[in-house]
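*Asks:* Provided below are the primary sequence and the corresponding predicted coordinates.
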Amino acid sequence: MPLPLSILDLATVSRDETVAQALEASTTLAQRAEDWGFRRIWYAEHHNMGSIASAATSVLIAHVAARTERITLGSGGVMLPNHSPLQVAEQFGTLAELHPGRIELGLGRAPGTDQETVRALRRDPSASERFPSDVRELQAFLAQDSLVPNVHAYPGRGTRVPLSILGSSLYGAQVAALLGLPYGFASHFAPDALDQAVALYRKEFRPSEQLSEPRVLAGVNVIAADSADEAEAQFREAQRQRVRLFTGRRGRSLTDAETDAVLDSAAGEQIRSMTRYSAVGTPDTVARYLDEFTTRADADELIVAGLAPRRESWWRSWELLATKVQGAAA
């Protein structure tokens with residue numbers, strides 16, 4: 001691969017696995033990814049999802065950072081409207097002081113959950129409308145000059161934690177361009193606006209103190225396996241799991257036949273389309289796909305989400321990817 005490759009880890013809790021086991025797997029992945037030569041790992045803020053263990057994003061980053069040495073760690077992302085900019089600055093400022101040069105902060109505007117959970121988070125319904133100004137406020141807290149009179153982030157002030165804007169629409173592209181920040185597009189689960197958003201971002205980008213030229217990170221799913229048939233079977237199972245997740249009936253309450261019926265129906269088209277950009281197959285096939293997708297997305301970097309549905313196949317997929325694409329001795 002001619003471009004840097006990074007990892008998006010959702011700290012997925014596999015079937016018949018505890019949260020503690022899932023977090024241990026995420027920690028081990030970071031340690032191995034560091035040796036394999038991956039550039040960064042991001043963790044995403046999701047709430048009220050039993051299969052995702054990265055809700056307390058900064059806490060997970062702290063845990064992994066303490067058990068690794070070099071790899072960059074960050075959020076992909078923190079959903080800023082769920083928090084005050086001051087609190088986020090304090091959390092990530094603390095991380096930056098503990099692990100200098102290794103912490104970054106990707107910011108999203110969506111709640112990362114359902115409406116009932118939004119209310120439980122005490123989220124202000126109008127918070128999304130303040131997203132650009134909240135980003136500026138957070139950026140100032142992490143610099144030297146606060147935009148809030150007589151209020152500073154301790155820790156945080158002066159750390160200048162690098163920021164990125166994450167999104168799946170033209171809105172996020174415009175915000176990232178206006179503020180002169182890197183733009184991460186969530187093409188691994190919301191692919192529809194990829195072309196328009198990246199083009200708009202590059203066209204309207206304004207250089208900033210942090211970034212002189214536009215930088216695009218594009219998300220892509222990966223399942224690498226020892227055979228094409230095995231990879232396709234894993235991909236089908238991953239889609240079944242997504243059906244169970246979105247229908248609120250995880251586990252064994254839906255049979256494979258029932259989930260396949262949903263996937264193969266008109267209603268299942270939306271779920272299938274979410275994984276449109278997925279590299280599935282043998283290592284050679286995956287490497288070719290990633291190379292082609294880099295050009296297709298006009299990306300400066302790819303951030304890879306491991307889609308393999310079970311822990312054993314998940315590990316094997318990362319090992320094959322590292323060996324083929326990163327040139328590592330996995």
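*Replies:* Right, received. Where do you want to start? Residues are numbered from 1 along each chain as shown.

*Asks:* in the helix or strand hosting L60, which residues are buried?
*Replies:* Using DSSP states H and E, the element containing L60 is helix 57-65. Residues of helix 57-65 classed as buried: 57-58, 60-62, 64-65 (neighbour count, 16 or more other CB atoms under 10 Å). For the C-beta atoms, the positions are set from N, CA and C on the backbone; glycine is no exception.

*Asks:* leaving aside the residues next to it on the chain, what's closest to I71?
*Replies:* Leaving aside its sequence neighbours, I71 sits nearest to E34 (CB to CB, 6 or more residues apart in numbering; 4.2 Å).

*Asks:* wait, what's in contact with the one you found?
*Replies:* For E34, the contact set (CB atoms under 8 Å, 6 or more residues apart in numbering) comprises 68-71.

*Asks:* again, only using 6 Å
*Replies:* Going by CB atoms under 6 Å, 6 or more residues apart in numbering, E34 touches 68, 70-71.

*Asks:* same list, those residues, but as JSON lines with secondary structure and pLDDT please.
*Replies:* Below are those laid out as JSON lines (DSSP: H, G, I helix; E, B strand; the rest coil; pLDDT from 0 to 100):
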{"residue": "T68", "secondary structure": "coil", "pLDDT": "98"}
{"residue": "R70", "secondary structure": "coil", "pLDDT": "96"}
{"residue": "I71", "secondary structure": "coil", "pLDDT": "97"}
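
*Asks:* residues of the helix or strand encompassing A231 that come out buried?
*Replies:* Element membership of A231, judged by DSSP H and E, is helix 228-246. For helix 228-246, a neighbour-count test (16+ other CB under 10 Å) marks 230-231, 234-244 as buried.

*Asks:* tell me the strands in the protein, going along the chain?
*Replies:* 5-9, 40-43, 72-79, 103-108, 163-167, 183-185, 216-224, 278-281, 301-306 (DSSP state E).

*Asks:* contacts for the shortest one?
*Replies:* Spelled out, it's strand 183-185. 106, 164-166, 173, 176, 194, 197, 201, 216-218.

*Asks:* what about 8 Å?
*Replies:* Counting by CB under 8 Å, 6+ apart, 76-77, 106, 164-168, 172-173, 176-177, 194, 197-198, 201, 214-219, 297, 303 sit against strand 183-185.

*Asks:* strands paired with it, and their directions?
*Replies:* Strand pairing for strand 183-185, using DSSP bridges, gives strand 163-167 (parallel), strand 216-224 (parallel).

*Asks:* again with the second one
*Replies:* The partner list of strand 40-43 in its sheet, established with DSSP bridges, is strand 5-9 (parallel), strand 72-79 (parallel).

*Asks:* using CSV, list the CA coordinates for that strand.
*Replies:* This file holds the C-alpha atoms of strand 40-43, laid out as CSV (Å, rounded to 0.1, in the frame of the first residue of the first chain):
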residue,chain,number,x,y,z
ARG,A,40,-2.9,4.9,14.5
ILE,A,41,-5.9,3.3,16.2
TRP,A,42,-9.2,5.2,16.7
TYR,A,43,-12.0,4.2,19.1
